[in-house]
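Asker: Any chance you can model this:
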Amino acid sequence: MDSTSGVRRLGRFLYTQNPFYLLSCFLVIYGLQIATVSQGDLVSRSVFLAGGIGLYTLLMVLTAIGVIRLGKVWDDGRSILLVVTISLVALSTSLDELCLIDPTTALSIAIAGLLGSFIATEFVLRACRIVLPFWYRASYYAMLFVFFATPVGLGRAVAERHESIANWGSVIFSCLFAAAMLFLIPVVKRGRSSVRHNGTPWRWPLYPLSLFVILIVLAGIRTHAIWMSFGFIGETLGFEPFLLMPMFAALLILAVEHDVHRRLPKWSTAALFAAPMLLLCGLSRNGMTSLPIRQDLQYAAGSATTLALIVLVTFYAYTWLRGVRHSEHALVGSLLSVGFFADVPTALVETGFQPYVFVMLAALFYLLLAIAQWHSDVRWFAFASMASVAIAMAGPTLVDPTTSYLASSSFLIASFMTIGCLFNTAFAEWLRYASAAALTIGAGAMVFWYLSHVSDNRVVLALASMAIVSLAYMWITRRWAWLYVCGVQVVCLLTIGVEHFYAAGMHRETNLPLATGLLCFIIGIAITAMKSGVHERWLPVDADQPRFERFQVGL
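Answerer: Prediction:
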């Protein structure tokens, strides 16, 4: 009972899906390749193989017209039309060996094959009364042109000893095919409306995108074949995912364009999350490649990983310009990734280029976003953080590392204080607390450094400046707690003065207790003054006075 049911399901599948046309295509092409070996010279073998594939394609064209027009079996007709496309691509691949030996003859056969492909396609469409919009046709014919033209051009390059062009052949093919894919942008924007009345029972996206899915898959396989034919002739090497990067980027662009002007941007959002997969195309072999362009790639782009990161940055910049939500954060993240992880190309190293430039670009981009949305304290915080990181990275190439780190820390704390002053939010309050902690810990660290190393008068100047800044910030923000921060910095400054007084005196055993006693006296006076309320005379707290606002407790 179960075995009978299984046989019926299998029979139903074979009847409805009818995969035998595809099997026929692969077997016939394989048989023709085997039969070609027994032919005479190279030209005879190439003509025999191309002619055999051409005749089989003609057979499939006539079969498709008969199945659709006479039998009205549209599902089988669709399979046959896909077989026609596969046969045309196979026809273009049959010329590789001839392109290397006799480019002129190969060019003539390629032109005849491309012209025959155009005639066969148009004949099927008109005979079956199938409507295929212009931009679908344009992309389809552009893809076929890339299939036929690339091996001819690379064969000419090999014959004329242009090894650099031949080595880049698989990459050139992938880029040209990606450009042909972009011809689909006008129709993917319209979606199903572009083929609503197409003369068939097929619906979008199965029609006609299934045709282009087949072509893209064949193009991915073809990149490896071109590499084997025109790059490493006679060697067996693994597949390079690096070659798929341009086509994958083109797919992401098509997904974004499909969602333009739509309320629910499902495809564009999916493209944002799928775009980091571009990095997988550049991670093979530790970020390099086994292609014969390894040295050229290292000189021009640093590594395959660096090139993948740059493509990722370009894609996110494109999505931001197209108005895709949250793409600005992805763009900044990709810029930071380039700055932190990318290998600098040799050509840029020779000019003195440094990776921190990408981090600075990310900071400037967030500065533009913060200006456009000035009330967002988080965006100002992000700009300040990235700018401080860029300063820290740029410092070692411009000045000594210590100075760059101090400049970066100073800029970050000053930015936090500015944001905390301008905004009245919980996050701004947290930044004020962080700034106060940094200034307090920094003052203590300066004292420790001063006492542990050779005395440096710049520490005294820095502590005095910090105390003045804290006092001024207290006055601007009207927050009392900043007076305590200033007090800690003054104590640190007096500690350095006591140490200096002790070290310079003739009787050190008396200088230390005297100086310490005077310091304690000053601290006691300050506490007493706070208790007496004398500060209210020069820091009014009356809200009715026009020149002042009420001071607040805390930071």
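Asker: Secondary structure element holding the residue lying closest to Leu309 once chain neighbours are set aside?
Answerer: Nearest residue to Leu309, sequence neighbours excluded (CB to CB, 6 or more residues apart in numbering): Val338, at 4.7 Å. Where you see a C-beta, it was placed from the backbone N, CA and C, and this is true even at glycine. Assigned by DSSP states H and E, Val338 belongs to helix 327-341.
Asker: Quick check: next helix or strand after the helix or strand of the chain with the lowest mean pLDDT?
Answerer: For the chain, the helix or strand with the lowest mean confidence is helix 2-17, at a mean of 48 (criterion: mean pLDDT, DSSP states H and E). Once the chain leaves helix 2-17, the next helix or strand it forms, by DSSP H and E, is helix 20-36.
Asker: circling back: and the residue nearest to Leu309, how far is that from Tyr366?
Answerer: Going from Val338 to Tyr366 by CB to CB, to the nearest Å gives 15 Å.
Asker: Repeat that for Leu82.
Answerer: Taking CB to CB, one finds Leu82 at 48 Å from Tyr366.
Asker: Looking only at neighbour counts, state which of these two leads.
Answerer: More neighbours surround Tyr366 than the other of Leu82 and Tyr366, with 24 against 20 (other CB atoms under 10 Å).
Asker: Nearest residue to the residue positioned nearest the centre of the chain in space, please, no chain neighbours.
Answerer: Compute the mean C-alpha point of the chain, and by CA atoms, centre = their mean the closest residue is Leu312, 1.8 Å away. Spatial nearest neighbour of Leu312, chain neighbours left out: Ser334 (4.7 Å); criterion: CB to CB, 6+ apart.
Asker: Can you classify Ala180 by secondary structure?
Answerer: Following DSSP: H, G, I helix; E, B strand; the rest coil, the label given to Ala180 is helix.
Asker: Could you measure from the nearest residue to Leu335 once chain neighbours are set aside over to Val313?
Answerer: Spatially, and ignoring its direct neighbours in sequence, Leu335 is nearest to Ala362 (3.9 Å; CB to CB, 6+ apart). Separation of Ala362 from Val313 (CB to CB): 10 Å.
Asker: likewise Ser229?
Answerer: Ser229 is 33 Å from Val313, by CB to CB.
Asker: now swap in Thr528 and tell me
Answerer: 61 Å.
Asker: who has more neighbours, those two?
Answerer: Between Thr528 and Val313, Val313 has the larger neighbour count (other CB under 10 Å), namely 22 against 10.
Asker: pretty sure that one is touching Leu331, no?
Answerer: Yes. Using CB atoms under 8 Å, Val313 makes contact with Leu331 at a distance of 6.8 Å.
Asker: count of residues packed around the closest residue to Pro345 other than its chain neighbours?
Answerer: The spatial neighbour of Pro345 that comes closest, neighbours along the chain excluded (CB to CB, 6+ apart), is Gly302 at 4.2 Å. Residues within reach of Gly302, counting by other CB under 10 Å, total 24.
Asker: List the contacts of Gly302.
Answerer: 342-346, 348 (CB atoms under 8 Å, 6 or more residues apart in numbering).
Asker: Relative to Pro241, how far out is it?
Answerer: 18 Å.
Asker: And Ala481, by the same measure?
Answerer: Ala481 is 57 Å from Pro241, by CB to CB.
Asker: more crowded one of the two?
Answerer: Pro241 (19 against 15).
Asker: surely that one meets Cys281?
Answerer: Yes. With contact defined as CB under 8 Å, Pro241 reaches Cys281; the gap is 4.7 Å.
Asker: on that earlier part again, and the contacts of Gly302, which is closest to Thr57?
Answerer: Within the contacts of Gly302, the smallest distance to Thr57 is 45.1 Å, found for Pro345 (CB to CB).
Asker: Which residues are in contact with the closest one?
Answerer: 298-302, 306.
Asker: go with 6 Å
Answerer: 300-302 (CB atoms under 6 Å, 6 or more residues apart in numbering).
Asker: Tell me the backbone dihedrals of it, please.
Answerer: Phi and psi for Pro345, reported as degrees, to the nearest 10, are phi -60, psi 150.
Asker: Roughly how far does it sit from Tyr299?
Answerer: Remark: distance between Pro345 and Tyr299 (CB to CB) = 6 Å.
Asker: now do Ser452
Answerer: From Ser452 to Tyr299 the distance is 47 Å (CB to CB).
Asker: cool, Phe148 as well?
Answerer: Applying CB to CB to Phe148 and Tyr299 gives a distance of 32 Å.
Asker: got it, and Leu439?
Answerer: On the measure of CB to CB, Leu439 and Tyr299 end up 47 Å apart.
Asker: more neighbours, the two?
Answerer: More crowded of Leu439 and Tyr299, by other CB under 10 Å: Leu439, with 22 against 15.
Asker: which of the residues in the helix or strand harbouring that one are buried?
Answerer: Assigned by DSSP H and E, Leu439 belongs to helix 426-452. Residues 428, 431-432, 434-436, 438-440, 442-443, 446-447, 450 are the ones in helix 426-452 that count as buried (16 or more other CB atoms under 10 Å).
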